[in-house]
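Colleague: Structure, please.
(one chain, ligands or ions: 1)
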Amino acid sequence: MHPIRGARARWGRDLLQLVEEHYDNEPLMRLAGEIHFDMPLSRADVEAVLRIYDRPAPRTVYLPCAGTLRHVAPLLERGCHELIAVDLSLGSLSAGLSRNVPSSVADRLTVCQGDVRDAGEVLPREGAELVFLGGNSLGDLTDPDGHAELIAALARALAPEGVLIFDYVGDRYLPGPGTLSTEWPEILRTADGDIEVLDRRTRSVSPLSGSLMSVLTFTCEILEVTSGAPVVPKHSYRKLIVPEALLIQQFRQAGLKLCNVGPVAEWSTYHRDRIAQTGDLGMLGEPNCWYRAVKDPQRSGSRSQ
Ligand SMILES: C[S@@+](CC[C@H](N)C(=O)[O-])C[C@H]1O[C@@H](n2cnc3c(N)ncnc32)[C@H](O)[C@@H]1O
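Modeller: Presented below is the predicted three-dimensional model:
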């Protein structure tokens, strides 16, 4: 695994807390309903992404915010040749390398730990034909400057006329005023067998002053059903919510033509069936949509600009 220079210096307190408490959290990754080791879901994601891409399988795919690398094997199986994966979470990347990535593909995969905004040094100079940002990751940088830097970094990573595909829930999963509490039974998969747990989350939204954007704050705690003991202590994490018209404008400013191509459930029977059977909520459910952004060739100067 390659470290990306300069990453730590850029992390704000919010991002550091998000990664340490939420994404590096091994028990949280092991919940049965979570995405991190769900290969059928990851294969269905990739199937949809390549249909949305609608071009011959790309040679190089860049996976920003790659998490547990769950899209690596499906992309290689579908004819992509070389992958570059970047994420801040050492816990996710390490768990993914040991559980989601067969050792036989190691020579076609470069894994880097660091901030996507600093990833230029590990990306191809000519840019990637396809950038795939999965798992509703766009809103993880909740300060507006960080968010703008993220979009600019994604644009720089693309080859001229290259395509960025991502899923985003946006403002389709907002609670009303106040705090909404939800609780559901879950299974924690451990080396010693399955444990019944309770997944307790709250959601509340606050507008970002001077902006049309808002921040959705979640709290999350996982409790063992029999003892009530915390398996994952209560912590919070946040997502930036950008209304669609503003998102299109932000992408245009970065030289990307953005299009919402429809709910994930409309692109895949697997997603549709999963939503119907398990009653998946916002981040995996009905409000989640696929987006396709194409890089304007007129804006494809040197990546260092
Ligand atoms: C919701 S998870 C999705 C992971 C993966 N894409 C998937 O679909 O399973 C978001 C990931 O983005 C990473 N992340 C958030 N902000 C980042 C940044 N600025 N640079 C690198 N990784 C980041 C987190 O560490 C986390 O692993």
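
Colleague: Name the residues of the chain found near the ligand, please.
Modeller: Within the chain, the positions near the ligand by C-beta under 6 Å from any ligand atom are 19, 23, 35-36, 65-68, 70, 86-89, 92, 115-117, 134-137, 140-141. For the C-beta atoms, the positions are set from N, CA and C on the backbone; glycine is no exception.

Colleague: Identify those among those residues that sit within helices.
Modeller: Taking DSSP state H as the definition of helices, the residues of the chain next to the ligand contribute residue 92.

Colleague: The residues of the chain next to the ligand in strands, which ones?
Modeller: Using DSSP state E, 86, 87 are the members of these that sit in strands.

Colleague: and residue 77, how many neighbours does it have?
Modeller: Residue 77 has 11 neighbours, counted by other C-beta atoms under 10 Å.

Colleague: Next, the contact list for it, please.
Modeller: Residues in contact with residue 77, defined by C-beta atoms under 8 Å, 6 or more residues apart in numbering, are residue 43.

Colleague: give me that answer again for 7 Å
Modeller: For residue 77, the contact set (C-beta atoms under 7 Å, 6 or more residues apart in numbering) is empty.

Colleague: Return the backbone torsion pair for it.
Modeller: Taking degrees, to the nearest 10, you get phi -60, psi -30 for the backbone angles of residue 77.

Colleague: I'd like the distance between it and residue 39.
Modeller: Noted for residue 77: a distance of 11 Å to residue 39, by C-beta to C-beta, to the nearest Å.

Colleague: can you give me the strands in this structure?
Modeller: Under DSSP E, the chain gives strands at 2-3, 60-64, 82-87, 109-113, 128-133, 158-168, 180-190, 193-207, 214-224, 230-241, 256-263, 289-295.

Colleague: From what I see, residue 96 and residue 69 are in contact.
Modeller: Yes: Residue 96 is within contact range of residue 69, at 3.5 Å (criterion: C-beta atoms under 7 Å).

Colleague: okay, residue 278: pLDDT?
Modeller: Listed pLDDT for residue 278 reads 74.

Colleague: Any figure for the gap between the closest residue to it other than its chain neighbours and the ligand?
Modeller: Spatial nearest neighbour of residue 278, chain neighbours left out: residue 33 (6.9 Å); criterion: C-beta to C-beta, 6 or more residues apart in numbering. Applying C-beta to the nearest ligand atom, to the nearest Å, the value for residue 33 to the ligand is 13 Å.

Colleague: count of residues packed around the nearest residue to residue 153 once chain neighbours are set aside?
Modeller: Using C-beta to C-beta, 6+ apart and skipping residues adjacent in sequence, the residue nearest residue 153 is residue 117, 4.6 Å away. Residues contacting residue 117 under the criterion other C-beta under 10 Å number 22.

Colleague: State the distance from residue 117 to residue 213.
Modeller: Shown here: residue 117 relative to residue 213, a distance of 18 Å by C-beta to C-beta.
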